[in-house]
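# The amino acid sequence is not available; the structure is as follows:
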């Protein structure tokens, strides 16, 4: 009887860990649409006064810019050679997040770890690039939530996937 309750507890823990991994992977996907850059208060007010911008976005959309909106800006206003490099690099965290979500749903912890590490690495590379180019932080923009969501959700997905591996080993030993 004690072994049955232990197995039921492990199965319940496995389900909880799988659900938490899926939630964290979904946050990796959602981070692509969360603000990566948030306009400073004075710049936000100035955006409302502008009549037009060259980026193909409404001025209100430039107050909080997500990676998705950066892709739109690159496609609309950047030179073709620049867009050819930066669009794939900017889309990569979203694609890696989708792959993490897929493997989370399939309960495959090793690919979850691999794609989470890659998603974190790409988001950190973009962070470094934005800082190096002086885009964020600047007098006009500061960091939005996406930077932190990628980091926290990615690390949490890795931790939950590692926990899932440990639970599987525990079941095999029993």
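Thanks, I have the structure now. Just so we're clear, the structure is a prediction, and the values are computed from it rather than from any experiment. Numbers count the residues shown, from 1 in each chain.

# I figured residue 67 hits residue 97, correct?
No - using CB atoms under 8 Å, residue 67 is not in contact with residue 97, being 10.5 Å away. (Glycine included, C-beta is placed from N, CA and C.)

# Overlap in contacts, these two.
Counting by CB atoms under 8 Å, 6 or more residues apart in numbering, the contacts common to residue 67 and residue 97 are 31-32.

# neighbour count winner among these two?
Ranked by neighbour count (other CB atoms under 10 Å), residue 67 and residue 97 place residue 97 first, with 29 against 26.

# Remind me which helix or strand the more buried one belongs to.
helix 80-105 (DSSP states H and E).

# now that helix: how far from the chain's centre is it?
Distance of helix 80-105 from the chain centroid (CA atoms, centre = their mean, to the nearest Å) equals 10 Å.

# Next secondary structure after that helix?
Taking DSSP H and E, what comes next after helix 80-105 is helix 109-133.

# re the thing from before, what about the helix holding residue 97, average pLDDT?
For helix 80-105, mean pLDDT is 93.

# Buried ones in it, by neighbour count?
83, 86-87, 90-101, 103-104 (16 or more other CB atoms under 10 Å).

# Got phi/psi on the residue lying closest to residue 120 once chain neighbours are set aside?
In space, and not counting its chain neighbours, residue 120 is closest to residue 154: 3.9 Å by CB to CB, 6 or more residues apart in numbering. Torsion angles at residue 154 (phi, psi; degrees, to the nearest 10) stand at phi -70, psi -50.

# repeat for residue 143
Dihedral angles (degrees, to the nearest 10) for residue 143: phi -70, psi 140.

# tell me the secondary structure for the closest residue to it other than its chain neighbours?
Nearest non-adjacent residue to residue 143, counting by CB to CB, 6+ apart: residue 136, 5.8 Å away. At residue 136 the chain is in coil, as set by DSSP: H, G, I helix; E, B strand; the rest coil.

# what about the residue nearest to residue 120, how many neighbours?
Quick note: residue 154 (other CB under 10 Å) scores 30 neighbours.

# same thing with residue 133?
Count around residue 133 with other CB under 10 Å applied: 9.

# and the strand or helix carrying residue 25 with helix 80-105, angle?
Using DSSP H and E, residue 25 sits within helix 2-30. On the basis of axes from the mean of the first three to the mean of the last three CA atoms, to 10 degrees, helix 2-30 is oriented at 160 degrees to helix 80-105.

# And the next helix or strand after helix 2-30, how far out from the chain middle?
Helices and strands here follow DSSP H and E; after helix 2-30, the next one along the chain is strand 35-39. Mean-position distance between strand 35-39 and its chain equals 14 Å (CA atoms, centre = their mean).
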